[in-house]
Every structure is written in structure tokens, then in C-alpha cells.
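# Take this sequence and fold it.
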Amino acid sequence: MTILPGKNKCGAVETFSEIILSPGDVLSVVGSTGSGKTAFINDIEVLAQGDTATGRTILINGCLPPDDFIRDPSKKPIAMITQNTKCLADLTVRKFLEMHIRSRKISENDVLEKTISTANKFTGEKIHADMRVSSLSGGQTRSLFIADAVIISDTPILLLDELENAGIFKEKVIEELRTLGKTTIFVTHDPYVSLLTDRRIVMENGTVKCILEPNGCEKEVLLRISGMDRELSAFRERIRRGEILADLNLTDSNHVDSTHTDSNFADPNLVESNSVDLKKEVFT
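Okay, here's the model as predicted:
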């Protein structure tokens, strides 16, 4: 996928020449509130052809996308999970997924089980097939929809808005999407999520201010922030268990339960894998 520049809020042309995303690329979009982060991923989601407020253009394999990519939801190569995603269907998880599987004309027998199993990698409270979708928590719903997008819809491009607000295992999501070779873009305010990605697109005044490609130079900072994230997770669990936080002791096994955290403790192997050198791309 190629993103061609548009204009900022004042009408000035963006300074980058193009942004190229390949299968398996994981990027984050960062910037202050109102800087244009959501508009950026909205342009991708609608496969903009200079017809949005930003004037950006999206190419697929170097060409304008075919019309059915835009008009036919079953052929669209992009799935977007927003921070306000809700499901109003009063169906069980099984019935909900079976309906989507039928609509996609998928014949494999294990797709439903694989989807639920994938979703349960991302959430501490397990999802069961007989649960009603409308009764799932926000984190469970987001986990299920991400799994649905990557397994049933099988879209090669996934857009995730404000992952840190979902109450799900951030590292597990990123690790799974890398393994599956999905092109993924996170809109985030979370420094940990942004440091786990290959590149960062920095937004300002509705435009792409710059594109950063650390190439492993942030490894020490990532390790430090992962430790901070673990500490916050441990404190969160102590509060949930009704403890009074009269000390900062996190070494007591009674205080830390790694099986019940909103954010899995950072896997050193995952951190190491994010530090490999990436192919350099030059941007104006």
C-alpha cells in the first residue's frame, strides 16, 4: 500500500513524497489530540482518491484500487477497529461468528474455534462461544473483533485506534499480527505501543510532520518502559484485589499475578525481535 501526500489544515502540501507499507509492517501514528491521527487512518480505510478533506491518495500495489475494493465490503483489504467499537447484535459469540463465516463462504471446520482462541490471547477474561456478544466487556469485544478481522475477514491491512484503552494484552496483539504478516497501523498515545512498532508517523496540524524509523536505537528505552508497564500492571492488579497500596513492593509473589494483567509482562524475545534492522526508506 502506498500513501501519497495531501494538504494540511492551512492548505500546504505535506512534505513527504510517499509512505510505502509492505506485508508485516507495523507502524504507529502519534501526535497531540486534534493533530490529524484519526483522519490519517480514515483516509486509508476509505481508500481515499483525493476525495477527502486531506486530499491524500491511497494506492494498492502501485495502482489505483479496483472499484470493488471500495464498494464491496467482502473484498475490501482493510479492517478498522475503532476505540468506540460496539456490537448491537443480541447473538451468542458462536452465532455471531457463524453468520460471518457463512457470509464469507468459508468452508474450513476450525475457523470459529481458531477465531475464539486467537481472541483469548488478547484478553485476560476468556471468551466462550455461548456468551452473548452484547454482554462482552470492552476489552473482550475489541479482542474478538481483532481476531475476527485477521482470521475470518483475513484482511491484509488492519487499523487499530487507541489500543491502550481496550484493556487487552498489547504485546500479544502486536506479536500475533507480526506472525500473521499483517500490515498494521496503530493510532496511539501509549509510548510503549509506539516503541514496539517499526516506524512512527508523527502528526501535527492535520499533516504528517515526519516519519521516524529508529532501527533498534531505542532498545534500551523500550526495555525501561516495558518494566514501567509491568509495574503499572502489577499495581492495577493489587487495586483490583482490594489491596491498600501502602508500599511499593512488587517482588512479593502475592502482589504480582502474571496470569491476570491487562498488559502481559514484556517478552524479552519480542522486545529483541523489534530491534532488528529494517530496510531504510528515504522520505523528503
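# Distance from the helix ranked longest in the chain to the middle of the chain?
Ranked by residue count under DSSP state H, the longest helix found in the chain is helix 219-240. With C-alpha atoms, centre = their mean, to the nearest Å as the basis, helix 219-240 stands 20 Å off its chain's centre.
# which residues in the stretch 101-250 of the chain form strands?
Under the criterion DSSP state E, counting those that start in this stretch, the stretch 101-250 of the chain carries strands at the ranges 157-161, 183-187, 199-204, 207-212.
# JSON lines please, covering those strands and showing mean neighbour count.
In this view, the C-beta of every residue, glycine as well, is placed from N, C-alpha and C. Output for the strands of the stretch 101-250 of the chain, formatted as JSON lines (neighbours: other C-beta atoms under 10 Å):
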{"stretch": "strand 157-161", "mean neighbour count": "23"}
{"stretch": "strand 183-187", "mean neighbour count": "25"}
{"stretch": "strand 199-204", "mean neighbour count": "20"}
{"stretch": "strand 207-212", "mean neighbour count": "19"}
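# Mind putting the ones you listed into a markdown table with distance to Arg224 and mean pLDDT?
Shown next, in a markdown table, are the strands of the stretch 101-250 of the chain (distance: least, C-beta to C-beta, whole Å; pLDDT from 0 to 100):
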| stretch | distance to Arg224 | mean pLDDT |
| --- | --- | --- |
| strand 157-161 | 24 | 92 |
| strand 183-187 | 20 | 93 |
| strand 199-204 | 18 | 95 |
| strand 207-212 | 18 | 94 |
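# So for Ser74, which of those sits nearest?
strand 157-161 (15.1 Å; C-beta to C-beta).
# Which strand residues bridge Asp208?
If you look again at residue 208, you'll see it is Val, not Asp. Val208 has these beta-bridge partners by DSSP bridges: Met203.
# mind listing what it touches?
Counting by C-beta atoms under 8 Å, 6 or more residues apart in numbering, Val208 touches 5, 14-16, 19, 40, 201-202.
# circling back to that earlier point, convert the C-alpha atoms of the longest helix of the chain to CSV, please.
What follows is helix 219-240, C-alpha atoms only, in CSV (Å, rounded to 0.1, in the frame of the first residue of the first chain):
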residue,chain,number,x,y,z
LYS,A,219,16.1,-0.7,22.5
GLU,A,220,17.3,0.5,26.0
VAL,A,221,14.4,2.9,26.3
LEU,A,222,11.9,0.1,25.2
LEU,A,223,13.3,-2.2,27.9
ARG,A,224,12.9,0.5,30.5
ILE,A,225,9.4,1.4,29.5
SER,A,226,8.4,-2.3,29.4
GLY,A,227,9.5,-2.5,33.0
MET,A,228,7.4,0.5,33.9
ASP,A,229,4.4,-1.0,32.1
ARG,A,230,4.9,-4.2,34.2
GLU,A,231,4.9,-2.2,37.4
LEU,A,232,1.7,-0.3,36.5
SER,A,233,0.1,-3.7,35.6
ALA,A,234,1.1,-5.1,39.0
PHE,A,235,-0.3,-2.0,40.8
ARG,A,236,-3.5,-2.3,38.8
GLU,A,237,-4.0,-5.9,39.9
ARG,A,238,-3.4,-5.1,43.5
ILE,A,239,-6.0,-2.4,43.4
ARG,A,240,-8.4,-4.8,41.7
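# tell me what it is packed against?
If you count contacts as 3 or more C-beta pairs under 8 Å, 6 or more residues apart in numbering; DSSP states H and E, helix 219-240 packs onto helix 191-196, helix 268-273.
# mean pLDDT for those: which is lowest?
Note on those: lowest mean pLDDT is at helix 268-273, with a mean of 40.
# Between the two ends of stretch 130-140, what distance do you get?
With C-alpha to C-alpha, to the nearest Å as the measure, stretch 130-140 spans 14 Å from end to end.
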